[in-house]
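S.K.: could you look at this predicted model? Sequence included:
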Amino acid sequence: MSGADIQCRELRLSRGGMEFSFDFTLAAGSVAAVMGPSGSGKSTLLDLIAGFETPNSGEILIAGADVAQAPPARRPVSMVFQENNLFGHLDVFSNVALGRSPSLKLDGKAREDVRAAINRVGLGDKEKRLPATLSGGERQRVALARVLVRDRPVLLLDEPFAALGPALRSDMIALVRELSAERGMTMLMATHHPEDAERIADTMLYLEAGTIAASGPISRFFGPDMPEAFRRYVGSK
Amino acid sequence: MARGDERVVGRKANSIPYGGRVDNRQERLDGWGYAEARRKPAPPASPSAGSGSAPSPQRGGKTTRTLPGVLTLGAIGLVMGGAAAGLIWEAGSDWSGAASAFDNYLLRVVQFTLWQALLSTVLSILPGIIVARALARLPAFPGRGAIIWLFGVPLALPAIVAALGVLALLGRAGIFADALSGLTGGSWPGIYGLSGILVAHVFFNMPLAARMFLEAFNAIPADHRRLEAQLGMGSWSAWRLIEWPAVRAALPGVAMLVFMLCVTSFTIVLLLGGGPAATTLEVAIYQALRFDFDPARAVTLTFVQLVLTVVIVTAAARLGAHLAGEAFLSVSNRGGLFTSWPEKLLNGAVLIAGFLFVAGPMAAIVIAGLDSDLVRLFGEASVRNAAATSLVLAFIAASLSVVLSVSLVAARRALELRRGAMGRPGVLERMTDQGAALVLVIPPIVIGAGWFVLLRQSGAGVFAAAPVMVVAVNAIMAMPFAMRAIRPAYDSASARHERLCAQLGISGFARLRLIDWPPLRRPLATAFAFAMALSLGDLGVIALFGSEDVRTLPYLLLQRMSAYRTQDAAGLALMLGALCFALMMFADWASRRAR
């Protein structure tokens, strides 16, 4: 399976006294970094695509089909949150398997897939562990294993590694890059770290005050003609 | 909590360790249970953005969670409404009788009700503060945890059992009777009337007050304690500058709660009081209905009681009192306190005195109970029937209470999710939040009295309704406590799971079985056991509706007491106390494992 293109057309939402509006197209298989100051709408944009927010107007086309009004589970989208990705009372295997069957009814093939995914993220020996006994990085690996099992063309990451230390974050970025390359998923990752964006993304969506203030190939954002707004955000280095 | 929690790395204060509890005051949630605090404050909208504050999106499929809550509110309304209808009907049919009940007797009863409540409050609060301070300033006292735990037991101990404990200790034939006769130089008359009521009320409410004040002491920031040590404050300075402000903040709420509990106290006054000189409104209602056959007077008394409690509860709500006490406190050990040896000794003595005061009546129940002919009692058909009736009714009441509580908790949460963090709670949501507190305004005796006159007026059998009345009123009565056990667990699970379930498409029965049930199992067990203990020990409704056909253990106990079969009463009290104690232990165990 490969990625799907995402088109947001005149997407509008008002929330908590703030207006959000988005209009952009992301090609299939591309990896976009979503950056911007706190409150600029990074999470809101991802929530709109994932279906946790319903827009007041506009369309969200994924592979050509408008999903703007569909419930989250019916969208071709997986999302990894910063925390609370796992059910604390279920072991690693069950948490991953929920990506295949929401009622945990698994046949032999499904069990194989779940095991393979857990092995792929490097947790093969921790299938029976409860989330409370895992480190923060391991928990996010479990969440990524579930993304593999769910097998949806779009992956959204909402600052998923913000709570991890620099070295661990770097490892996780590498893992995500491998996985997305294997599956060819279209990916959006909200992050506060420019170096993460530069390592993983080919496209940048830079937000300010609820809308896209600048966008384009990632190289432009870290080259000499860096957009002025983005320069202000990252500060002069 | 699990040891591995230090590995939970949260960026914000709202990060929730797996399996941990969430303080729901800190949580503000958007439409998907996503902690709102996660988002930084939004910058002001640009003026060009227009005024379109469209309603937040509403999702279907959530009525399944609000409908049971609405039905629950309806059921509570029906029980309250039936009582009100009975009172109004009776008053309407005998207007002059109800009006003529405003006499000197009524005035005396109101005066005594308020006077004994005021004395009980003062006598509970002041020692409560002293004991709480001793607990706070002696974090390493041996048995400190046991004392705090013991102070929670009276919450679930039936009032009738406690009253018997006080009598077994200080009654005419009590354990201390000989010593007291020697001290007073005459024959000890037994502790009846005001002094008996006060001792029993303090037995119940001093530990409650001490635990609530201990929470206030524990809320003092650790840094203030460090400053206290660094600046070399003595005990008195520490009290004046650091502790008193914390206690003062908690004082009005605790005082109002205790006052309210004493104003509506029925069982203790019935057993230890008596006569026109020591009768409260609730006991007077009971006597008017069961002995004087004067329903018109009962209506007037009920009306006055209702006005009193509404005034008190309104005042208490203004002062921020939690009317449903927390049964199980976590025992926190605070370091960083440096106290002198004389102070340590004094506080140790305070703790031992407090322990003896609370443990005394409990020990007396056991001693007096074991002294009775337990084997013969067990052999009596009436005892076995009463025990079976009690267990069945309490089981049904507790089950109903838990179901109703879950309905309200789930409905409140669903409504909160639907409106999002920005919206204001609607009327229905506030009712699901506060509806159960209604029973604290309207004591069981008042509901019982209303239905009693309604059933009598309408010609239906009063005593045939006993099981239904006991179950319905006890179930509703336990709801504030059950909701306090269930709601934090439900809300925190919902906060963690709502988005995941939506994304993974987990819904319906699969969600109930896989996601909702596991974290709620233990809080539900706690709520059930606590509700069952409350229901088992209740004498309020059954005192009105009990008959030879429907007798519970407390009712049988009251009958044996009235017939001066004190030994039998002591044996029954031990049985009842042991049952409630076992339920309390189970509830405590379940709540500990839940944390």
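M.R.: Structure's in. What do you need?
S.K.: touching, B:Cys580 and B:Ala533? I think so.
M.R.: Yes - between B:Cys580 and B:Ala533 there is a contact at 4.3 Å, judged by C-beta atoms under 8 Å. Quick note: C-beta positions are derived from backbone N, CA and C, even for glycine.
S.K.: spit out the residues that contact the two alike.
M.R.: B:Ala156 (C-beta atoms under 8 Å, 6 or more residues apart in numbering or on different chains).
S.K.: which residue of the two possesses the greater neighbour count?
M.R.: B:Ala533 (28 against 24; other C-beta atoms under 10 Å in any protein chain shown).
S.K.: ok, and the closest non-adjacent residue to residue 207?
M.R.: With no chain named, the answer covers chain A. A:Gly36 (3.5 Å; C-beta to C-beta, 6 or more residues apart in numbering or on different chains).
S.K.: if you could check chain B rather than the one you did, that'd help
M.R.: B:Phe151 (3.5 Å).
S.K.: alpha carbons of the longest helix seen in chain A, in CSV - could you do that?
M.R.: Counting by DSSP state H, the longest helix found in chain A is helix A:166-183. Presented in CSV, the C-alpha positions along helix A:166-183 are these (Å, rounded to 0.1, in the frame of the first residue of the first chain):
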residue,chain,number,x,y,z
PRO,A,166,17.5,14.1,22.6
ALA,A,167,19.2,10.7,21.9
LEU,A,168,16.0,8.7,22.2
ARG,A,169,14.1,11.3,20.1
SER,A,170,16.8,10.9,17.4
ASP,A,171,16.4,7.1,17.4
MET,A,172,12.6,7.4,17.2
ILE,A,173,12.8,9.8,14.2
ALA,A,174,15.1,7.3,12.4
LEU,A,175,12.6,4.5,13.1
VAL,A,176,9.6,6.6,11.8
ARG,A,177,11.6,7.5,8.7
GLU,A,178,12.3,3.9,8.0
LEU,A,179,8.7,2.8,8.6
SER,A,180,7.2,5.6,6.4
ALA,A,181,9.7,4.8,3.7
GLU,A,182,8.8,1.1,3.8
ARG,A,183,5.1,1.8,3.6
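S.K.: chain A contacts on the stretch 401-550 of chain B?
M.R.: Selection of the stretch 401-550 of chain B residues close to chain A by C-beta under 8 Å from any C-beta of the partner chain yields B:420-422, B:495-497, B:499-500, B:502-507, B:509-511, B:513-515, B:518-519.
S.K.: which of those residues are buried? Put it as a ChimeraX command.
M.R.: The buried residues among these can be selected in ChimeraX (16 or more other C-beta atoms under 10 Å in any protein chain shown) with this line:
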select /B:420,421,422,495,496,497,499,500,502,503,504,505,506,507,510,511,514,515,519
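S.K.: contact partners of the longest helix of chain A?
M.R.: So helix A:166-183 is contacted by A:1-3, A:31, A:120-122, A:136-137, A:140-141, A:144, A:147-148, A:151, A:155, A:157, A:160-161, A:164, A:185, A:187, A:189, A:193, A:196, A:199-200 (C-beta under 8 Å, 6+ apart).
S.K.: sort out for me which of these are in helices.
M.R.: Using DSSP H, the contacts of helix A:166-183 in helices are A:120, A:136-137, A:140-141, A:144, A:147-148, A:196, A:199-200.
S.K.: which of the residues you listed sits closest to B:Leu167?
M.R.: A:Gly136 (59.5 Å; C-beta to C-beta).
S.K.: burial of that closest one, as a residue count?
M.R.: Neighbours around A:Gly136, by other C-beta under 10 Å: 19.
S.K.: test my guess that it contacts A:Ala162.
M.R.: No - at 10.2 Å, A:Gly136 does not count as touching A:Ala162 under the criterion of C-beta under 8 Å.
S.K.: which strand or helix spans residue 114?
M.R.: Let's take chain A. Here A:Val114, judged by DSSP states H and E, is contained in helix A:108-120.
S.K.: please refer instead to chain B.
M.R.: Per DSSP H and E: helix B:104-137 holds B:Leu114.
S.K.: return the set of buried residues in that helix.
M.R.: Under 16+ other C-beta under 10 Å, the buried positions of helix B:104-137 are B:106, B:109-110, B:112-114, B:116-117, B:119-121, B:123-125, B:127-137.
S.K.: so where's the chain shaky on pLDDT?
M.R.: Just so you know, I chose chain A. Residue ranges of chain A with pLDDT under 70: A:1-2, A:236-237.
S.K.: sorry, I should have been clearer: chain B.
M.R.: B:1-63, B:232, B:320-338, B:421-422, B:438, B:593-595.
S.K.: the residue nearest to B:Leu574 when sequence neighbours are not counted: neighbouring residues, count only.
M.R.: Nearest residue to B:Leu574 in three dimensions, chain neighbours excluded: B:Gly369, at 2.5 Å (C-beta to C-beta, 6+ apart). B:Gly369 has 25 neighbouring residues, counting by other C-beta under 10 Å.
S.K.: residues contacting B:Gly369?
M.R.: Contacts of B:Gly369 (C-beta under 8 Å, 6+ apart): B:570-571, B:573-575, B:577.
S.K.: mind running it again at 6 Å?
M.R.: By C-beta atoms under 6 Å, 6 or more residues apart in numbering or on different chains, the contact list for B:Gly369 reads B:570-571, B:574.
S.K.: ok, and what's touching stretch B:93-101?
M.R.: Contacts of stretch B:93-101 (C-beta under 6 Å, 6+ apart): B:91, B:296-297, B:299-300.
S.K.: may I see the buried residues of it?
M.R.: B:94, B:97-98, B:101.
S.K.: separation between the residue nearest to A:Leu207 and chain B?
M.R.: For A:Gly36, the distance to chain B equals 11 Å [C-beta to the nearest C-beta, to the nearest Å].
S.K.: look up how far A:Phe20 lies from that residue.
M.R.: For A:Gly36, the distance to A:Phe20 equals 12 Å [C-beta to C-beta, to the nearest Å].
S.K.: repeat that for B:Ser458.
M.R.: 61 Å.
S.K.: between those two, which is the more surrounded one?
M.R.: In this view B:Ser458 and A:Phe20 are compared by other C-beta under 10 Å, and A:Phe20 has more residues nearby, 25 against 11.
S.K.: ok but that one is inside a strand, no?
M.R.: Yes - in this structure, A:Phe20 lies within a strand as judged by DSSP: H, G, I helix; E, B strand; the rest coil.
S.K.: list the residues that contact the closest residue to it other than its chain neighbours.
M.R.: Nearest residue to A:Phe20, sequence neighbours excluded (C-beta to C-beta, 6+ apart): A:Gly210, at 4.1 Å. Contacts for A:Gly210 (C-beta under 6 Å, 6+ apart) come out as A:18-20, A:41.
S.K.: and what of B:Glu228?
M.R.: Counted by C-beta under 6 Å, 6+ apart, B:Glu228 has contacts B:238, B:242.
S.K.: please report how far it lies from chain A.
M.R.: 35 Å.
S.K.: give me the element that residue is part of.
M.R.: Going by DSSP H and E, B:Glu228 is part of helix B:222-230.
S.K.: after that helix comes which helix or strand?
M.R.: Criterion used, DSSP H and E; the element after helix B:222-230 is helix B:235-238.
S.K.: quick one: buried residues of that following helix?
M.R.: B:235, B:238.
S.K.: one more: stretch A:93-110?
M.R.: Here stretch A:93-110 shows A:93-102, A:104, A:106, A:110 as buried, counting by 16+ other C-beta under 10 Å.
S.K.: again, but for stretch A:209-219
M.R.: So stretch A:209-219, judged by 16+ other C-beta under 10 Å, has buried residues A:209-215, A:218.
S.K.: gap between that stretch and the chain center?
M.R.: With C-alpha atoms, centre = their mean, to the nearest Å as the basis, stretch A:209-219 stands 17 Å off its chain's centre.
S.K.: what of stretch B:83-94?
M.R.: 29 Å.
S.K.: before we move on, what about stretch B:504-518?
M.R.: Distance, centroid of stretch B:504-518 to centroid of chain: 32 Å (C-alpha atoms, centre = their mean).
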